[in-house]
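Undergrad: 3D model of this:
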Amino acid sequence: MKTPVNARTLRQHLTYNWWKYLLIFAIAFGLVDLLYTVTAYRSPRDKTVGVYVYGYVNENDMKPYLDNIRETEMADMEEINAYTLTMDDTYGPMQLMTYIAAGEGDIYLLTRDDFLNNAMSGSLLPLENDKELLSLFDDAGINLQSGWRREAETGETHLYGIPLDKLPGLSKKIYAQDGYLSVIVTSGNQENAFKLLRILCRDGIAASAEDAAAQP
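TA: The predicted structure follows:
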């Protein structure tokens, strides 16, 4: 004889079996989330440029600025974003090393010590072959001497970083103590990383010149 379904039997059933429904719900939610994660659209690596900052990002200024660059000067890119890395004496260096090794992002703003370490280890790309980039500083009379470093393995000296203090306009948007802008060797989009770097430097120089002209 079948048990009749009524309020009493339903309550009794739920009393002993509620956990089964909770488990089914949790499994279903996990499967839906996994399906979304696997099938969600991701921009191709050559259509994204990431700026990783081992310091501070002013989201109110930096995001609109990068969005404008993507819309007006790098429209072939699907994403140009800035990300803040963890500033922690224990976890931060591990995260930074892991991200660079994995090729996360393209342009990095590093503190002086991290810049020196990565330049010596060969983790950064030389910048001096980008004549258009160098001409920005030559035309403005800006010396980049502090960005030149010797790579330990080869003994060669290259321009591995752009000192942030030469770009006062940009330092209002992103900041790292004694910071240097560099392009990592493992960048998956080097051509566009250099293009964005030139734009950042151009605007940083132009902003500093405008500020100087505005002073009485």
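Undergrad: How many neighbouring residues does Gly105 have?
TA: As a burial measure, Gly105 scores 25 neighbours (other CB atoms under 10 Å). In this view, the C-beta of every residue, glycine as well, is placed from N, C-alpha and C.
Undergrad: what's the helix or strand for it?
TA: Here Gly105 sits in a region with no helix or strand, counting by DSSP states H and E.
Undergrad: Excluding covalently adjacent residues, which one is nearest to Leu167?
TA: Gly204 (2.8 Å; CB to CB, 6 or more residues apart in numbering).
Undergrad: just checking, the one you found touches Lys172?
TA: No. Counting by CB atoms under 8 Å, Gly204 does not reach Lys172; the two are 9.3 Å apart.
Undergrad: Those two: which is more packed in?
TA: Per other CB under 10 Å, whichever of Gly204 and Lys172 has more neighbours is Gly204, with 22 against 15.
Undergrad: tell me the secondary structure for the more buried one?
TA: Three-state assignment for Gly204 (DSSP: H, G, I helix; E, B strand; the rest coil): helix.
Undergrad: Next one: it from Pro44, what distance?
TA: 28 Å (CB to CB, to the nearest Å).
Undergrad: ok, now Ile199?
TA: Taking CB to CB, one finds Ile199 at 21 Å from Pro44.
Undergrad: Domain parsing of this protein, as residue ranges.
TA: Following automatic domain parsing, one gets these domains for the chain: 1-40, 45-214.
Undergrad: and those as JSON lines, adding mean pLDDT?
TA: Formatted as JSON lines, these follow (pLDDT from 0 to 100):
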{"stretch": "domain 1-40", "mean pLDDT": "56"}
{"stretch": "domain 45-214", "mean pLDDT": "92"}
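Undergrad: burial count for Met94?
TA: Met94, neighbours per other CB under 10 Å, totals 11.
Undergrad: So it belongs to a helix, correct?
TA: Yes. Under three-state DSSP, Met94 falls within a helix.
Undergrad: for the spatially most central residue of the chain, phi and psi?
TA: Geometric centre of the chain, nearest residue: Tyr52, 2.8 Å, by CA atoms, centre = their mean. Phi and psi for Tyr52, reported as degrees, to the nearest 10, are phi -100, psi 130.
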